[in-house]
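Engineer: can't give you the sequence, but here's the structure:
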Ligand SMILES: Nc1ncnc2c1ncn2[C@@H]1O[C@H](COP(=O)(O)OP(=O)(O)OP(=O)(O)O)[C@@H](O)[C@H]1O
Ligand SMILES: [Mg+2]
Ligand SMILES: [Zn+2]
């Protein structure tokens, strides 16, 4: 007998293995707000089979675009994306931290040219993976507070 904490979805996306505590940030990244028009289930602090705890987000009738996937990877590098079709997992992949982070995060240095009224898109390179740190290509400022700076 299978135990379900939430109703299965027919079509949509399950973001699984989200770092525990990050589900609400994932909702912000994918733009889930009061006016959401598809069913969204959020599971926080669920035991993980790999040990420890995780969060899960399930969204009906939605797939994530590449920018959204990059942002999820930045705050939760081990998250898996499961595309659900007709109640089954049709595709599964682990998000991937992009080598170059372009236009999805702002620089934490107020004096950086990307924070002036110049038409310069913020860009970062990955300085270290664990813990994830990003370096601004314009001012060299290291940003570790990634979720606070996502655009
Ligand atoms: N129809 C569905 N509706 C809602 N959630 C689903 C549905 N099908 C699968 N899931 C969820 O998607 C995730 C991946 O499902 P899967 O069957 O691949 O589990 P798994 O074998 O534990 O995967 P993993 O090894 O990635 O943890 C699980 O969290 C599962 O609960
Ligand atoms: Mg599992
Ligand atoms: Zn900068």
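Structural biologist: The structure has been received and is ready for your questions. Computed from a predicted structure; not experimentally measured. Ligands and ions are numbered 1, 2, ... in the order given.
Engineer: Up against ligand 1, what does this structure have?
Structural biologist: Contacts of the chain with ligand 1, taken as CB under 6 Å from any ligand atom, map to 8, 9, 14, 16, 56, 58, 80, 82, 84, 87, 89, 92. Where you see a C-beta, it was placed from the backbone N, CA and C, and this is true even at glycine.
Engineer: For the last one, list the residues it contacts.
Structural biologist: Contacts here follow CB atoms under 8 Å, 6 or more residues apart in numbering; on that basis residue 92 touches 80, 81, 82, 83.
Engineer: per-residue confidence at residue 3?
Structural biologist: Note for residue 3: predicted pLDDT of 68.
Engineer: Correction: the previous question concerned residue 65.
Structural biologist: Value for residue 65, per-residue pLDDT: 96.
Engineer: picking up where we left off before, out of the residues of the chain next to ligand 1, who's nearest ligand 3?
Structural biologist: residue 80 (31.5 Å; CB to the ion).
Engineer: so that closest one sits right up against residue 91, yeah?
Structural biologist: No: using CB atoms under 8 Å, residue 80 makes no contact with residue 91, being 10.4 Å away.
Engineer: neighbour-wise, which of the two wins?
Structural biologist: Neighbour comparison, residue 80 and residue 91: the larger count goes to residue 80, with 16 against 11 (by other CB atoms under 10 Å).
Engineer: domains in this structure, as residue ranges please.
Structural biologist: For the chain, automatic domain parsing gives the domain ranges 12-94, 100-149.
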